[in-house]
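K.L.:
predicted model, plus sequence, below.
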Amino acid sequence: MLKDLICGKQVYVVTGYTDLRKSIDGLAAIVQGQLELDVFSKGLFLFCGRKCDRIKGLLWEGDGFLLLYKRLDNGKFQWPRNETEARLLTEQQTRWLLEGLKIEQPKAIREGKPGILY
């Protein structure tokens with residue numbers, strides 16, 4: 001279901017640790033206050049706690065917020081922990097993250113730059 005909700009939306013990963021006891025209002029306050037982003041945009045904001053086996057998502061649907069919660073039975077998410085910021089992910093990075101991989105894959109083929117010839 002989470003993969004279906006992500007299709008065609010901007011996905012932001014809130015790096016660092018988040019207290020997952022927070023509900024909609026607490027997570028929305030993080031997005032607006034600390035990150036200075038528009039919580040009413042069509043973006044999906046993903047948060048992860050210290051255990052890395054569960055995430056929460058916050059999505060504005062036009063008439064209200066949708067709060068998503070996913071807990072893995074086996075495995076952990078490879079969550080970026082460098083600092084508290086929001087990173088906009090590509091569709092490829094979102095798939096990697098939800099499949100338990102790091103969002104920066106060192107051996108992945110990078111997208112080319114148009115106009116540069118050898």
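P.N.:
Sure thing, it's come through.

K.L.:
please list all residues in contact with the residue positioned nearest the centre of the chain.
P.N.:
Nearest to the mean C-alpha position of the chain, by CA atoms, centre = their mean, lies residue 13 at 2.9 Å. If a contact means CB atoms under 8 Å, 6 or more residues apart in numbering, then residue 13 has 46, 79, 80, 86, 87, 89, 97, 103 as its contacts. Heads up, the C-betas are built off the backbone N, CA and C, glycines and all.

K.L.:
is it true that the third one touches residue 12?
P.N.:
The reference is to residue 80. No. In this structure, residue 80 is not within contact of residue 12 by CB atoms under 8 Å, at 11.7 Å.

K.L.:
neighbour-wise, which of these two wins?
P.N.:
Using other CB atoms under 10 Å as the criterion, residue 80 and residue 12 rank with residue 12 on top: 22 against 17.

K.L.:
in what helix or strand does that one lie?
P.N.:
strand 11-14 (DSSP states H and E).

K.L.:
after that strand comes which helix or strand?
P.N.:
Next element after strand 11-14 (DSSP H and E): helix 24-29.

K.L.:
what packs against the helix or strand just after that following helix?
P.N.:
Moving toward the C-terminus from helix 24-29, the next helix or strand (DSSP H and E) is strand 44-48. If contacts are counted by 3 or more CB pairs under 8 Å, 6 or more residues apart in numbering; DSSP states H and E, strand 44-48 sits against strand 11-14, strand 54-60.

K.L.:
tell me the strands beside strand 44-48, with direction?
P.N.:
Neighbouring strands of strand 44-48 in its sheet, by DSSP bridges, are strand 11-14 (parallel), strand 54-60 (antiparallel).
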